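[1] need coordinates for the below:
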Amino acid sequence: MKTGKHIFCALALLAAAACSTTRALSPDELLLRKATVQVNDKSFNANSLNSYVLQKPNAYILGVNPFLYVYNWAGDGQSGLQRLFRRLGTEPVVFNPSKVEESVTAMRNHLRYMGYYGSTVESDVQVKDRKVYVFYYVTPGKRYRISAIDYDIPTYGTFPQDFEDYLPSTSLKKGLYLSEQVLSAEAEQAAQFFRNRGYFGFNKGFFAFEADTLQSDGTARLKMDIRDYALGDDPASAQPHRKYRIGEVSIAYPKDLKIRHSVLENLNMLRPGQPYSEKAINDTYTRLTSVGMLSSVNINLEPVADDRVDARINLRNSGLQGFKTNLEASVNSTGLIGLSPQLTYYHKNLFHGGELLNLGLKGNFQFKPGDNASSTEVSVSTTLRFPKFIGLPNRLFKGPNIPRTEISLAFNYQNRPEYRRTVISSAFTYSGRLTERLFYQVSPVRANISRIFNISEDFYIRSMANNIFLMQLYTDNFDMGVSGMLYYTTDASAVPRKSFHYVRLGVDVSGNVMSLFNKYMPVNDYGQHKIWNTPYAQYVRAELTLGRTFHFGNILHQSLALRFLAGAGYGYGNSTSVPLDKLFYCGGSTSMRGWQARTLGPGANTLLSDIFVIPAQLGDMKIEANAEYRFPLAWKLEGALFLDAGNIWDFPVRSEDLTELSAESTFSLKTIAMDWGLGLRLNLDFILLRLDAGIRIHDPGLPEGKRWVAPANWLDKGNAAIHFGVGYPF
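    As a prediction, the model looks like this:
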């Protein structure tokens, strides 16, 4: 770990060499050091005005911006190293006085938009040592509550009845504060309602509002007017609002896109003669884009005679075939290296019906340079996903979200110093979206069959010969059952920009159906019923994940990501434990980052770490909590500070016939492990590369009384791990 210490020293010297943050400025320039908004109303959120400060200083963490120092240190040097540092550095913000007045005007306009009338915004510019500090002092104006609402609407056709149907859902209520923001939102909501009722082209420009704020009680009487002409148009151009129906519907796509027309018709929600509805347009767009083989979907609407709207759907296909790669790597301070490369071939339109084929090849290799011990795991998998719910008619799924059916098959080969093992797995899975925020995945049938062979004599003697529990765990196994998963999130976008939270619950149940036929099955020496000469697994397993990410900071966009995970698997009936592949583990690039994968637990038990040459520490249950503070550095670089706590544990032995397991393997607060660390990320928008270094601060694998690791020993051998991954850990 001497290299790490040298890096820390180099950074300290670099900061010392760049002691002045104004070095890169010309003599007539000033550095903007601070811009602060202060509001004399404690009930007002001052942060809501920060986005209207049109010139912001560099971001500082604990009063320091190291990348501004880097930029200044590099100066105008012409060496390759200096040019590189100048590109990585952050250019200082030169104070621009005109931006102050522009910011004052922008804040006043925003306050009026929010319903604060007669607000005052004043600025104060202070200069010290060529550094500028700008203060904005805000006094919000008066607000008016709405005391009454009057409506003036068209009286022809079905419009009055449609308006009556809308009123229960209106956002305008007595008692609300009057503001342009509230009125604009109401106009947009009402216009959308009428577009879904057949009024093609209806928009918020047809709404006009008048407010009487001279009421004796200080409130506002509001009038909402729906006109026959849009704002800014000549009243003489007024035309009655009419309802439309869908006219001709056509779908055009490139000739090289080989897709069955019936598939597109099932995805299309528009039919000639049906009432026009913007929702049907949006649902059609969502259904077509969700298939995955189209790069763009355009729906052009054109009003024609007889109050009809023709819909012309134009599709463009994306690359239908290609390869994807992924790589995860880790190394700990004992020299154990782990590599997990992955290569996937995909085809997005295999049978000309939007079917997605994935063929994957994945490896997991662990080794120590200069040591003959190693572990190899290779898996080959194939999945075929259909854009429909096989077994149910398409007419049952009319919303924007289409279900999917997936058939998967995989083969896994493991070669460890202790044994060799093969696993064949398959599943039939339904997945989809119940609401905008709630997702599901159900596998009514899934099956795994594993074979273990070439068990080393040393492993057998040390672990299995005198422990029936491990004997049954490391043996052939047949696992058939059902699985399900529910996932709820407040932001389903690929890259959430606002604070959000999520909940994920997964459940596996196996062996219950097969247990109904126990009387027809042979029994082995341990009392387990067998099918195809293999004991079948009977267990229940559940895993719950709770997560929340807070986004904050208007100048320095930061986030705090939190996660809590708890899971347990319980074998019963024909099994004393869940199968090997369903047990829990800790460590790795997305878990306890002070440890490599499968090197922690169970509990404080070190027996498994002594038995296995390459770590394979597993447990019946798992509890883990993670916190990660994320912040930008410069260019595409991001930093992270994280803290992890958790472990895996075993249930107490449930039979006197089994050798008693060590009490150190069962749950205890004293055996919760903890680590902290730093992360560096390269965010290229389309991909995020991550490097995390985790340091153990509480290691239950150490003797009791020595488990808290002193800071002086944080970088000792065996007390840290480095992980490389793709994407955020959670």
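[2] what ranges do the strands span in the stretch 551-700 of the chain?
    558-571, 621-634, 637-649, 673-683, 688-698 (DSSP state E, counting those that start in this stretch).
[3] including distance to residue 429, could these go into TSV?
    (Glycine included, C-beta is placed from N, CA and C.) Output for those, formatted as TSV (distance: least, Cβ to Cβ, whole Å):
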stretch	distance to residue 429
strand 558-571	20
strand 621-634	24
strand 637-649	27
strand 673-683	32
strand 688-698	28
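[4] now the ones you listed as a markdown table including distance to residue 314 and mean neighbour count?
    Below are those laid out as a markdown table (distance: least, Cβ to Cβ, whole Å; neighbours: other Cβ atoms under 10 Å):
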| stretch | distance to residue 314 | mean neighbour count |
| --- | --- | --- |
| strand 558-571 | 38 | 18 |
| strand 621-634 | 39 | 19 |
| strand 637-649 | 38 | 21 |
| strand 673-683 | 33 | 19 |
| strand 688-698 | 33 | 21 |
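[5] restricting to C-alpha, output the helix or strand where residue 501 lies in PDB.
    Assigned by DSSP states H and E, residue 501 falls within strand 500-510. Provided in PDB are the C-alpha atoms of strand 500-510 (Å, rounded to 0.1, in the frame of the first residue of the first chain):
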ATOM      1  CA  PHE A 500     -36.500   8.900  -5.900                       C
ATOM      2  CA  HIS A 501     -37.000   5.700  -4.000                       C
ATOM      3  CA  TYR A 502     -37.700   2.100  -4.900                       C
ATOM      4  CA  VAL A 503     -38.700  -1.300  -3.300                       C
ATOM      5  CA  ARG A 504     -37.900  -4.700  -4.700                       C
ATOM      6  CA  LEU A 505     -39.300  -8.000  -3.400                       C
ATOM      7  CA  GLY A 506     -38.300 -11.400  -4.800                       C
ATOM      8  CA  VAL A 507     -39.600 -14.800  -3.700                       C
ATOM      9  CA  ASP A 508     -38.700 -18.300  -4.700                       C
ATOM     10  CA  VAL A 509     -40.700 -21.400  -3.700                       C
ATOM     11  CA  SER A 510     -39.600 -24.900  -4.700                       C
END
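[6] so what touches the helix or strand just after it?
    The C-terminal neighbour of strand 500-510 among helices and strands, as given by DSSP H and E, is helix 512-515. If you take Cβ atoms under 8 Å, 6 or more residues apart in numbering as the criterion, helix 512-515 is touched by 480, 481, 529, 531, 536, 538, 573, 574.
[7] now the two most distant members of those residues.
    481 and 529 (15.2 Å; Cβ to Cβ).
[8] ok, those two, which is more surrounded?
    Between residue 481 and residue 529, residue 481 has the larger neighbour count (other Cβ atoms under 10 Å), namely 23 against 20.
[9] please name the bridge partners of the more buried one.
    Beta-bridge partners of residue 481, counted by DSSP bridges, are residue 446, residue 510.
[10] let me see the contact set for it.
    For residue 481, counting by Cβ under 8 Å, 6+ apart, the contacting residues are 446, 508, 509, 510, 511, 512, 513, 537.
[11] of these, grab the buried ones for PyMOL.
    Buried subset of the contacts of residue 481, written as a PyMOL selection, criterion 16 or more other Cβ atoms under 10 Å:
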select buried, resi 446+508+510+511+537
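[12] from the contacts of residue 481, which is closest to residue 549?
    residue 508 (27.4 Å).
[13] next, the closest residue to residue 117 other than its chain neighbours: phi, psi?
    Spatial nearest neighbour of residue 117, chain neighbours left out: residue 141 (4.7 Å); criterion: Cβ to Cβ, 6 or more residues apart in numbering. When read as degrees, to the nearest 10, the backbone of residue 141 gives phi -80, psi -170.
[14] again with residue 276
    phi -60, psi 140.
[15] same deal with residue 604?
    Given degrees, to the nearest 10, the pair of backbone angles that residue 604 has is phi -100, psi 10.
[16] which ones are touching it?
    Contacts of residue 604 (Cβ under 8 Å, 6+ apart): 664, 665, 668, 670, 671, 700, 701, 704.
[17] neighbour count and distance to residue 589 for the residues you listed - can I get that in a markdown table?
    What follows is the contacts of residue 604, written out as a markdown table (neighbours: other Cβ atoms under 10 Å; distance: Cβ to Cβ, whole Å):
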| residue | neighbour count | distance to residue 589 |
| --- | --- | --- |
| 664 | 20 | 27 |
| 665 | 23 | 25 |
| 668 | 14 | 27 |
| 670 | 12 | 27 |
| 671 | 22 | 23 |
| 700 | 22 | 21 |
| 701 | 21 | 20 |
| 704 | 10 | 29 |
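[18] how about the residues you listed, which pair is most distant?
    Longest span within the contacts of residue 604, Cβ to Cβ: 665 and 704, 14.5 Å.
[19] what are the buried residues along the helix or strand where residue 99 lies?
    Taking DSSP H and E as the definition, residue 99 sits inside helix 97-113. Within helix 97-113, the residues that count as buried by 16+ other Cβ under 10 Å are 99, 100, 103, 104, 106, 107, 108, 110, 111.
[20] give the rounded mean pLDDT of that helix.
    Across helix 97-113, the average pLDDT comes to 97.
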